[in-house]
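[1] quick one, structure for this:
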Amino acid sequence: MDNNTTVTTETEVAQGSGPRLLACVAEPETRQVARDLAAAQGWRNPVAIEGGVASAHDYITKHAPPNLLIVDVDDVEDPVKALTDLAELCPPEMTVIALGKRNELTLYRELIELGVTDYLLKPVTLAMLERSLRGDNKRQLGQGSAKTQAHVVSFVSVRGGAGATTVAGSTAWCLAHLYQKRVALIDLDLQFGNLALSLDLVPAAGLREALEFPSRLDSRLLGTAMLEESPRLRVLAAEEPLVDQMHVAPGAIDTMLNVLRNDYDFVVVDTPRVLSEEIRRILTLSATVGLVTDLSLASARDLLRLSDFAKTMTPSARHLIVANHVGAKHRGEIAKAEFERVTAVKLDHVVPFEPTAALATASTGTVLPAALKHAPAAAALRAVAMRIAGIETAAAKSNSVLAKLPLPKIAAGFSRGAFLPSFLKRSA
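    This is a model prediction of the structure:
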């Protein structure tokens, strides 16, 4: 136990009032971050002790439970079982934030379903803990969430023209039409967005009003502003005058997502490549962040930066890298293997270039997986939706079809070192 840790007194236990914060973590640096959190929140007498789930169990057995428990789960082989056992000692109103080194989506989901407020990867910062507290929806440990809430997915284009709109629209369409999910699709580019156009819909003024006047927003008003592509897929999009200055009110993103989360299974957001405050907030609230890139050198540079940025903003989210337009030689792309080597980033999905896509989607007024059902690009986009929906198949796991797609090779005459500019020559 740290020397400057304050232990709850017997009087406090008798009165049933435990510490506001109990942190049971292995690293002294993280225990100090927990104390910093207590100081920032104005909480007195935080308790920070060395250990993990076992230490938390021992403390709560002997003392009154805290309001907030920050617990390291690296000391147990099965964190879900260990926290389930711990839940028997915890009051329903207690907030729990778990910490660990295991970067596993399955573990994160199981802990959230159990009722843990958040699972953060170490090392943990004060900002990460504060973000978890802001997003706390008062789940009860051992009871799960009271109501299923939508999974927020954000797609960001690494470079202009990489195709984030295509991937976002196709993913939302597949989730709704193929996997029977209720989906809200949002285009946050209020002046140049073309999601509505790609689905043959006419943009309305509702999205702008929702972002400028969030205090008026409720499920009914937002529902009237949404465009209906089908009973399971609704779209929020705008086409505002270029002379207007767009203003997003503070808290508007949170308000809009809170309204949508209770009515949909998935909220898919086409995010402009502008790192404004509202875009940063969308990323922070996203459970999945998809970066859409082509295989050009410029995209390789920007993918390095955006990948690090996204992981900093959303350390507990699932991060997907989608390579789009692969095989379009006019884009000046390099080979897939070389792209992965120089960026030290593995591509999760590869969407091959489809030369007839523009004509097919424009003539049918729908997305690529609907217009060209049997094209390799459509199969790749369906695989993205399957992964986000949590639908696993043997074909999806092996990705055998995509692995056989022909990819361009580096032109003869260039050595690996000479071909790449210096800003890409970095190790993982």
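[2] quick one: the strands in the stretch 301-428 of the chain, in order.
    With DSSP state E, counting those that start in this stretch as the criterion, the stretch 301-428 of the chain has strands at 318-326, 349-352.
[3] now those strands in TSV, with mean pLDDT?
    Below are the strands of the stretch 301-428 of the chain laid out as TSV (pLDDT from 0 to 100):
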stretch	mean pLDDT
strand 318-326	92
strand 349-352	92
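[4] out of those, nearest to residue 307?
    Among those, the nearest to residue 307 by C-beta to C-beta is strand 318-326 (7.2 Å). In short, each C-beta sits where N, CA and C put it, glycine included.
[5] ranges for the strands of the stretch 1-150 of the chain?
    In the stretch 1-150 of the chain, the strands defined using DSSP E, counting those that start in this stretch lie at 21-25, 47-50, 68-72, 95-100, 118-121.
[6] give the buried residues for stretch 342-350.
    342-343, 345, 347-350 (16 or more other C-beta atoms under 10 Å).
[7] okay, now residue 261: neighbour count?
    Other residues lying near residue 261 total 19 when counted by other C-beta atoms under 10 Å.
[8] can you tell me how far it is from residue 189?
    The gap separating residue 261 from residue 189 is 22 Å, by C-beta to C-beta, to the nearest Å.
[9] circling back to that earlier point, quick check: which of the strands of the stretch 301-428 of the chain is nearest to residue 22?
    Among these, strand 318-326 comes nearest to residue 22, with 29.1 Å by C-beta to C-beta.
[10] show me the shaky parts of the stretch 251-400 of the chain.
    Flagging of the stretch 251-400 of the chain using pLDDT under 70 yields the residue ranges 330-331, 363, 392-400.
[11] if we can go back for a sec, want to throw the strands of the stretch 301-428 of the chain into TSV with distance to residue 234?
    Listed next are the strands of the stretch 301-428 of the chain as TSV, based on distance: least, C-beta to C-beta, whole Å:
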stretch	distance to residue 234
strand 318-326	23
strand 349-352	25
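[12] residue 359: which of these is closest?
    Nearest to residue 359, of all the strands of the stretch 301-428 of the chain, is strand 318-326, at 15.5 Å by C-beta to C-beta.
[13] look at residue 237 and say how many residues are nearby.
    Counted with other C-beta under 10 Å, the neighbours of residue 237 add up to 27.
[14] quick one: it from residue 179, how far?
    In this view, residue 237 and residue 179 are 22 Å apart by C-beta to C-beta.
[15] same check on residue 97?
    32 Å.
[16] what about these two, which has more around it?
    residue 97 (23 against 18).
[17] the more buried one and residue 130 touch, don't they?
    No - between residue 97 and residue 130 there is no contact under C-beta atoms under 8 Å: 10.9 Å.
[18] returning to that earlier point: output the buried residues of stretch 342-350 in TSV; the columns should cover distance to residue 275.
    Formatted as TSV, the buried residues of stretch 342-350 follow (distance: C-beta to C-beta, whole Å):
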residue	distance to residue 275
342	24
343	20
345	19
347	23
348	22
349	24
350	26
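[19] widest-spaced pair of those?
    Longest span within the buried residues of stretch 342-350, C-beta to C-beta: 342 and 349, 19.1 Å.
[20] can you tell me what sits against the helix ranked longest in the chain?
    Identified as the longest helix of the chain according to DSSP state H is helix 297-313. With C-beta atoms under 8 Å, 6 or more residues apart in numbering as the test, helix 297-313 has contacts from 156, 158-159, 162, 275, 280, 283-284, 289, 291, 293, 317, 319, 321, 332, 334, 339, 342-343, 345, 420-421, 423-424, 426.
[21] before we move on, what about stretch 172-179?
    181-183, 185, 199, 229-230, 232-233, 265-266, 268, 366-367, 369-370, 381-382, 384-386, 388-389, 391.
[22] give me every residue that touches residue 44.
    20, 38.
[23] how near is it to residue 103?
    Taking C-beta to C-beta as the measure, residue 44 falls 35 Å from residue 103.
[24] pLDDT of stretch 72-80, averaged?
    For stretch 72-80, the mean pLDDT works out to 92.
[25] with only the CA atoms kept, save that stretch in CSV.
    The C-alpha trace of stretch 72-80 is given here as CSV (Å, rounded to 0.1, in the frame of the first residue of the first chain):
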residue,chain,number,x,y,z
ASP,A,72,-6.7,-3.8,-12.7
VAL,A,73,-7.8,-7.1,-14.3
ASP,A,74,-4.3,-8.3,-15.4
ASP,A,75,-3.9,-10.3,-12.2
VAL,A,76,-6.7,-12.8,-13.1
GLU,A,77,-6.9,-15.3,-15.9
ASP,A,78,-10.7,-14.8,-16.5
PRO,A,79,-11.6,-11.1,-15.8
VAL,A,80,-15.3,-11.6,-16.5
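[26] roughly how far out does it sit from the chain middle?
    On the basis of C-alpha atoms, centre = their mean, to the nearest Å, stretch 72-80 sits 23 Å off its chain's mean C-alpha point.
[27] and the contacts of that stretch?
    With C-beta under 8 Å, 6+ apart, stretch 72-80 has contacts from 24-26, 30, 51-54, 82-83, 98-102, 107, 110-111, 114, 122.
[28] and those, which are buried?
    24-26, 30, 51-53, 82-83, 98-100, 107, 110-111, 114, 122.
[29] let me know the helix or strand that the closest residue to residue 286 other than its chain neighbours is in.
    Distances taken as C-beta to C-beta, 6 or more residues apart in numbering put residue 154 closest to residue 286, at 4.3 Å, once the chain neighbours are dropped. Element membership for residue 154 (DSSP states H and E) is strand 151-157.
[30] which is the next helix or strand following that strand?
    helix 164-177.
[31] pLDDT of that next one, averaged?
    On average, the pLDDT along helix 164-177 is 93.
[32] stretch 102-114 too?
    Averaged over stretch 102-114, pLDDT sits at 84.
[33] let's see it as PDB, backbone CA atoms only.
    C-alpha atoms of stretch 102-114 as PDB (Å, rounded to 0.1, in the frame of the first residue of the first chain):
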ATOM      1  CA  ARG A 102      -5.300  -7.300 -23.300                       C
ATOM      2  CA  ASN A 103      -6.400  -5.600 -26.400                       C
ATOM      3  CA  GLU A 104      -9.300  -7.900 -27.200                       C
ATOM      4  CA  LEU A 105     -12.700  -6.800 -28.500                       C
ATOM      5  CA  THR A 106     -14.400  -9.900 -27.100                       C
ATOM      6  CA  LEU A 107     -13.100  -9.100 -23.600                       C
ATOM      7  CA  TYR A 108     -14.300  -5.500 -23.900                       C
ATOM      8  CA  ARG A 109     -17.800  -6.600 -25.000                       C
ATOM      9  CA  GLU A 110     -18.100  -9.200 -22.300                       C
ATOM     10  CA  LEU A 111     -17.100  -6.600 -19.600                       C
ATOM     11  CA  ILE A 112     -19.600  -4.000 -20.900                       C
ATOM     12  CA  GLU A 113     -22.400  -6.600 -21.000                       C
ATOM     13  CA  LEU A 114     -21.500  -7.500 -17.400                       C
END
